[in-house]
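**Q** quick one: sequence plus predicted model below, questions after.
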Amino acid sequence: MDLETLRHSCAHIMAQAVKELWPETRLAIGPAIEDGFYYDFDRPEQFSEEDLLTIEERMHQIIQRDEPFIRKELSKKEAEELFQGMQETYKLELLKEIPDDKVSVYYTGKSFVDLCRGPHILSTGQIKAFKLLSLAGAYWRGNENNPMLQRIYGTCFLSQQELEAYLRDFEERKQRDHRKLGPNLELFDIYQQEAGAGLVFYHPKGALLRKIIEDYEKQEHLKRGYELVVTPHIMQADLWKTSGHYQYYRQNMYTLQIENKEFVLKPMNCPGHILIYKSKVRSWRDLPIRYFELGTVYRHEKAGVMHGLLRVRGFTQDDAHIFCLPSQLQEEIRSVIEFVFETMKVFGFNDIEIELSTRPEKSIGSDEDWQLATASLENSLKQLELKYKINPGEGAFYGPKIDIKLKDALKRSWQCATVQCDFSLPKRFNLEYIDTDGTAKQPIMLHRVILGSIERFIACLVEHYKGDFPLWLAPEQVRIIPIAEETFTYAQQVCKFLQASGIRTHCDLRNQTLNKRIRQAELDKIKYILIIGNKEIQQKVVTIRRRGIKEQITQTPEQFLTHLQTEIASRR
RNA sequence: GCUGGAGUAGCUCAGUCGGUAGAGCACGUCCUUGGUAAGGACGGGGUCACGGGUUCAAUUCCCGUCUCCAGCUCCA
């Protein structure tokens, strides 16, 4: 028996329980999802948390009754009459969109019937372990203009042990939430009351982590033929009118009026890079031109969508714009994707999702352009033998794109890297290069980010490593704990010695017991703890306690430094 | 933005059926000078998110705002 069928059937049982308890409730849809199932209901009164228990109880009764799931095929007309009689208006709406003349319905027990393709389990008694988890609102058919329904989420497993393991795992995952770990490890925080929602403050350790990431990126971009640029944070509104953002992205832009001139806090970096491109006449020999900027942008996201560092209002993109010839497009895209994969590997991410989004209904650009761009994107993925999903019609209005997503601790996907072709901006800004025949032509423009935003990426990193970063990323690599005051001087000497070679280290000289200071270093997830007492001073060594390893070793400070440098260079 | 839940010390939370609040951790001072995950004593710290209303009296009840959490929608 597969889990999906089990969960789908469990959703039916939940709907049946709700209908038995509150017959006036109308049913919408109730599928199985990755970790469970849900069902959407339309009911005048709100469900409460206690109602979930009542529903669970009723579900247990239905399961105990061991009622069979019975499939019946009906003509569309028969089905319409059936659901019309029950006043299931949502089901009628679904029926209308089924092209076939025959539809199937599933009966459970005497009274409950649901429009459903199936398959289902044989009878309700086959459900051995389930739990209702939460309540939420959800728009009918996912459209915010439709009425909001009440959704109940639940999950279901083959055995009670598996269910309990899932719930335990879920609790553990919550513990690695970057919103909890970040402030706990003194990496970053958001002061929504004092400074505003969605605006991030990096504390010293977080700022260090960020610097390490930024340094790595700048170096890698230079290696790959990108040029570094820096553009202003505010620019005149006129520029954004030319780019089209002023018209199409207004509700997300922060604007300010100074001496009768309107300025915009940049929500994107593209117009800035375009101005630099346009600063002189470009020859086909100059292309491709690749401008890279760690560009901080501000977007006024809706109140309900902010989420820790994963969705914020001010963030820094590792943004680049590539201006190239049509003949260079494919190669540029391929090397961006390779760049993304190399980078993800270095940072320890192996499990990533790739999506290719194609032309939407509302779009600009010729069929030819779209075809070339979409084919170039897809060919690159094929050449690199990558698995990807296609999102038909999900591209931007100005071009197709490839998105690369990482999952957070709670298995929610977040878009990080993206490569997007753009037919709009080169036209709007009238970008040109002089081709071999001496005529001016329009270059193709690619937008791309590797990490996405530093903020979002740091959130993913924190959750991926549970704050226990590999040595090369760790803001504090070594903590030195001298046992007693008489050993402070030697400890500080070792500290200075390591710092002089660029090791990020601190001495814990607090008047606390050794045990307590070791405990604190462990809670801070420090990779190496050096214990220094009289024994070490006499032998001119340090005792090394590595996180997660029981046996300690003793080395001279010089040996230890070499060891650290090797580990840092390995980026593991 | 929508639906529901929530906001008490730096953190985790208790409490007040309306009479301005308490614990543990953290922090400070002192004692302790400790060999591998919490030594001890004393102490400081709160406009009970913010703004209105009801009341003799509001942290508590009512309304509004802000923010957070889950989900939906959105995400150039």
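**A** Perfect, I can see it now.

**Q** centroid-nearest residue for chain A?
**A** Centroid-nearest residue in chain A: residue A:414, 1.8 Å away (criterion: CA atoms, centre = their mean).

**Q** check which helix or strand it maps to.
**A** strand A:413-422 (DSSP states H and E).

**Q** which other helices and strands does the very next helix or strand once past that strand contact?
**A** On the C-terminal side of strand A:413-422, the closest following helix or strand by DSSP H and E is helix A:424-428. Applying 3 or more CB pairs under 8 Å, 6 or more residues apart in numbering; DSSP states H and E, one finds that helix A:424-428 contacts helix A:237-243, helix A:270-277, strand A:444-453. From N, CA and C alone the C-beta is placed, and that goes for glycine too.

**Q** most tightly packed of these?
**A** Ranked by mean neighbour count, the helices and strands packed on helix A:424-428 are led by strand A:444-453 with a mean of 25 (mean count of other CB atoms under 10 Å).

**Q** quick one: it to chain centroid distance?
**A** From the chain centre to the centre of strand A:444-453 is a distance of 16 Å (CA atoms, centre = their mean, to the nearest Å).

**Q** test my guess that residue A:529 contacts residue A:518.
**A** Yes. Look at residue A:529 against residue A:518 with CB atoms under 8 Å: they come within range, at 6.4 Å.

**Q** the strand holding residue A:414 to helix A:270-277, inter-axis angle?
**A** 40 degrees (axes from the mean of the first three to the mean of the last three CA atoms, to 10 degrees).

**Q** let me see the domain layout of chain A.
**A** A:3-170, A:188-231+A:269-465, A:234-265, A:478-570 (automatic domain parsing).

**Q** so which of those domains comes closest to residue A:177?
**A** domain A:188-231+A:269-465 (5.6 Å; CB to CB).

**Q** quick check, that closest one touching RNA strand B?
**A** Yes. Counting by CB under 7 Å from any atom of the strand, contacts between domain A:188-231+A:269-465 and RNA strand B involve A:190, A:192-193, A:196-198, A:299, A:301-308, A:311, A:396-398, A:410, A:412, A:415.

**Q** make a PyMOL selection of the buried ones in the residues you listed.
**A** The following PyMOL line selects those of these that are buried, judged by 16 or more other CB atoms under 10 Å:
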select buried, chain A and resi 190+198+299+306+307+308+311+396+398+415
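
**Q** the residues of domain A:188-231+A:269-465 next to RNA strand B in strands, which ones?
**A** A:190, A:415 (DSSP state E).

**Q** before we move on, the earlier item: need the residues touching each of residue A:529 and residue A:518.
**A** By the contact definition CB atoms under 8 Å, 6 or more residues apart in numbering, residue A:529 and residue A:518 are jointly contacted by A:481, A:545.

**Q** the two: which has the busier surroundings?
**A** More neighbours surround residue A:529 than the other of residue A:529 and residue A:518, with 21 against 18 (other CB atoms under 10 Å).

**Q** got a list of what the more buried one touches?
**A** By CB under 8 Å, 6+ apart, the residues touching residue A:529 are A:478-481, A:518, A:521-522, A:544-545, A:547.

**Q** that one sits in which helix or strand?
**A** Using DSSP H and E, residue A:529 sits in strand A:528-532.

**Q** chain center to that strand, what's the gap?
**A** The chain centroid and the centroid of strand A:528-532 are separated by 36 Å, computed with CA atoms, centre = their mean.

**Q** and residue A:562, how many neighbours?
**A** Neighbours of residue A:562 under the rule other CB under 10 Å: 13.

**Q** of all the residues in the stretch 401-550 of chain A, which one is nearest RNA strand B?
**A** Residue nearest to RNA strand B within the stretch 401-550 of chain A: residue A:533 (2.2 Å; CB to the nearest atom of the strand).

**Q** check the stretch 251-400 of chain A too.
**A** For the stretch 251-400 of chain A, CB to the nearest atom of the strand, closest residue to RNA strand B: residue A:304, 2.6 Å.

**Q** re the thing from before, give the pairing partners of the strand holding residue A:529; include direction for each.
**A** Using DSSP bridges, strand A:528-532 pairs in its sheet with strand A:478-482 (parallel), strand A:542-546 (antiparallel).

**Q** which other helices and strands contact the next helix-or-strand element following the last one?
**A** Per DSSP H and E, the first helix or strand lying C-terminal to strand A:542-546 is strand A:553-555. Contacts of strand A:553-555 with other secondary structure elements, assessed using 3+ CB pairs under 8 Å, 6+ apart, are made with strand A:542-546.

**Q** restrict the strand it packs on to CA atoms and write it as PDB.
**A** In PDB, the C-alpha atoms belonging to strand A:542-546 read as follows (Å, rounded to 0.1, in the frame of the first residue of the first chain):
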ATOM      1  CA  VAL A 542      48.100  22.900  23.600                       C
ATOM      2  CA  THR A 543      45.400  20.300  24.400                       C
ATOM      3  CA  ILE A 544      42.900  20.200  21.600                       C
ATOM      4  CA  ARG A 545      39.300  19.200  21.900                       C
ATOM      5  CA  ARG A 546      37.600  19.000  18.600                       C
END
